[in-house]
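Enquirer: Following is a predicted model, sequence given first.
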Amino acid sequence: VTGSLPRFGWGIIGTGDMAATMACVLAAHPQAELVAVASRSQARAIAFAASHAIANAYAALEPFLANPDMQICYIATPPDQHHAHCLQALAAGKHVLCEKPLATTACDAGAIAAAADAASRFCMEALWTHFLPAVTETERLLAAGAIGTPSHIAASFGLPTEPAALPACGAILDRGCYPISLALRLFGTPDRAEAMVTRSVAGSAAAADIMLHFPAGRTAALGCSLVDYRANTMVISGSAGRLTLHEPITHPTLLTLASARAGPVGRSGAKTRVARLLPALALLARHRRTRILRFRGNGYVHQVDEVHACIADGRTQSGVVPLALSIATLLAVDGFEAPTRGS
Ligand SMILES: NC(=O)c1ccc[n+]([C@@H]2O[C@H](COP(=O)([O-])OP(=O)(O)OC[C@H]3O[C@@H](n4cnc5c(N)ncnc54)[C@H](OP(=O)(O)O)[C@@H]3O)[C@@H](O)[C@H]2O)c1
């Protein structure tokens, strides 16, 4: 029964891949109505509107943002456009869901946060992974002490990418934002960051291995890549065990809790067949605690639910992905994309 739930009018800036993905998610959502799309081209706006049954197609942002039926603007443009598009949408009084990364620098992300604050409008980076059940459960288990005191995170997101499909920004901003924002959500703001960056011919980051140092000696080793196939997992190690969010890190469904008390694996010197089997059985015992935590649809619906719930409650930020998390994520790696730092 959805009759009593509030409904929200959405508009999308951009007509590319994510715009199309989210248009389908919004079309299927009982609380959402996709009312407008904006493109730089009238023909693309009309074609996109026709494919997604959107009533209004615009080739300019001003009339699009003046549409009174749109409360929420989803920004699905390249990262270097996010700052300008967020500011324009907020100035027009719209709530904003902006694709990752929120901006290309922490300074620009801070300006977006200030504009959202001044306009008293909701604004969130579309870090959809953070709303998936496996991630929520990871946070719950850590808070419940399931692995003792967590001290280290190892995570990566890297996939070899065809030249034609390369993102507009480098690996750190395009891919790194997932493991980095997850690490910061769990461990807070780092004191220090170091990076080993592999450059593309054009000078942007093709791959990077980033080390973050947090208070109380906690660390995170985070990888991202546009050129090789990384583990795409997140492993959180603690004094009593280890949690693994299995591949794919962007939308995991498998979560393994391994206890350090299961005993060491691979003891040498075992003479009998049974003794030799023991390490394997110990390993199985650890992995017995793997659970499947499914997400709904293709996973993006969970962040849409968060946007609706926050706006319905009169909140201008998400408690799960606040703008401070987006800013801190960018601050941790500010300048690593540029060839002057960390190369
Ligand atoms: N959450 C996820 O799973 C996920 C996955 C992939 C990408 N993303 C993010 O989503 C955003 C869009 O990525 P995408 O893969 O959808 O890119 P895309 O296919 O290239 O689409 C971007 C769209 O932005 C519009 N645009 C406006 N100003 C532009 C400009 N100056 N240059 C180029 N395009 C411009 C274009 O539409 P018009 O030509 O009609 O104006 C274009 O189709 C990025 O921030 C990316 O990081 C998120």
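Expert: Cool, got the structure.

Enquirer: burial of the residue lying closest to Ser204 once chain neighbours are set aside, as a residue count?
Expert: Of all residues not flanking Ser204 in the chain, Gly170 sits nearest, at 3.5 Å (C-beta to C-beta, 6 or more residues apart in numbering). Just so you know, the C-beta spots here come from the backbone N, C-alpha and C atoms, and that holds for glycine as well. Neighbourhood size, Gly170 [other C-beta atoms under 10 Å]: 27.

Enquirer: Val333 is in contact with Gly170, correct?
Expert: No: checked against C-beta atoms under 8 Å, the pair Gly170 and Val333 is beyond contact range at 10.3 Å.

Enquirer: re earlier: quick one: pLDDT of the residue nearest to Ser204?
Expert: Model confidence at Gly170, given as pLDDT, is 94.

Enquirer: Pull the contacting residues for it.
Expert: 200, 204-206, 226, 337 (C-beta atoms under 8 Å, 6 or more residues apart in numbering).

Enquirer: cutoff 7 Å now
Expert: 204-205, 337 (C-beta atoms under 7 Å, 6 or more residues apart in numbering).

Enquirer: cool, Leu166 as well?
Expert: By C-beta under 7 Å, 6+ apart, the contact set of Leu166 is Leu226.

Enquirer: One more: the one 10 residues further on?
Expert: Neighbour list for Gly176: 208, 210, 222, 224, 333 [criterion: C-beta under 7 Å, 6+ apart].

Enquirer: next SSE after the worst-scoring helix or strand of the chain on mean pLDDT?
Expert: Least confident helix or strand of the chain, by mean pLDDT, DSSP states H and E, is helix 273-287 with a mean of 72. Sequence order places strand 290-292 as the next helix or strand after helix 273-287, per DSSP states H and E.

Enquirer: Quickly run through the sheet partners of that next one, with directions.
Expert: Sheet pairing here is set by DSSP bridges, and for strand 290-292 it gives strand 254-259 (antiparallel).

Enquirer: would you say Glu62 is within a strand?
Expert: No: under the criterion used here (DSSP: H, G, I helix; E, B strand; the rest coil), Glu62 is helix, not part of a strand.

Enquirer: In the sheet, which strands lie alongside the host helix or strand of Ala220, parallel or antiparallel?
Expert: When elements are assigned from DSSP H and E, Ala220 belongs to strand 219-225. Strand 219-225 has the following strand partners under DSSP bridges: strand 150-158 (parallel), strand 205-213 (antiparallel).

Enquirer: For the first one, list every residue counted as buried.
Expert: By neighbour count, and taking 16 or more other C-beta atoms under 10 Å as the criterion, the buried residues in strand 150-158 are 150-158.

Enquirer: count of residues packed around Ile72?
Expert: Here the count is done by other C-beta under 10 Å, and Ile72 has 24 residues near it.

Enquirer: rewinding a little: identify the residues contacting the strand holding Ala220?
Expert: Here strand 219-225 makes contact (C-beta under 7 Å, 6+ apart) with 152-158, 171-172, 175-176, 179-180, 183, 187, 207-213, 230.

Enquirer: rerun at 6 Å
Expert: The contact list for strand 219-225 (C-beta atoms under 6 Å, 6 or more residues apart in numbering) reads 152-158, 171-172, 175-176, 179-180, 183, 207-213, 230.

Enquirer: between the strands paired with strand 219-225, which one is nearest to Ala106?
Expert: Nearest to Ala106 among the strands paired with strand 219-225 is strand 205-213; the distance by C-beta to C-beta comes to 14.6 Å.

Enquirer: In the closest one, which residues are buried?
Expert: By neighbour count on 16+ other C-beta under 10 Å, the buried set for strand 205-213 is 205-210, 212.

Enquirer: which parts of this protein sit against the ligand?
Expert: Contacts of the chain with the ligand, taken as C-beta under 6 Å from any ligand atom, map to 14-19, 39-41, 44, 76-79, 81, 99-100, 126, 128, 167, 174.

Enquirer: try 8 Å
Expert: Neighbours of the ligand within the chain, by C-beta under 8 Å from any ligand atom: 13-21, 38-41, 44-45, 48, 75-82, 85, 99-101, 126-128, 167-169, 173-174, 250, 300.

Enquirer: Just the buried subset of the residues you listed, please.
Expert: 13-15, 18-20, 38-39, 44-45, 48, 75-77, 79, 81-82, 85, 99-101, 126-128, 169, 173-174, 250, 300.

Enquirer: Take these and keep only those in helices.
Expert: 18-20, 44-45, 48, 79, 81-82, 85 (DSSP state H).

Enquirer: Could you find which two of those are furthest from each other?
Expert: By the measure C-beta to C-beta, Ala45 and Pro79 form the most distant pair in those, at 21.3 Å.

Enquirer: In the chain, what residue lies closest to the ligand?
Expert: In the chain, the residue that lies nearest the ligand is Gly16 (1.8 Å; C-beta to the nearest ligand atom).
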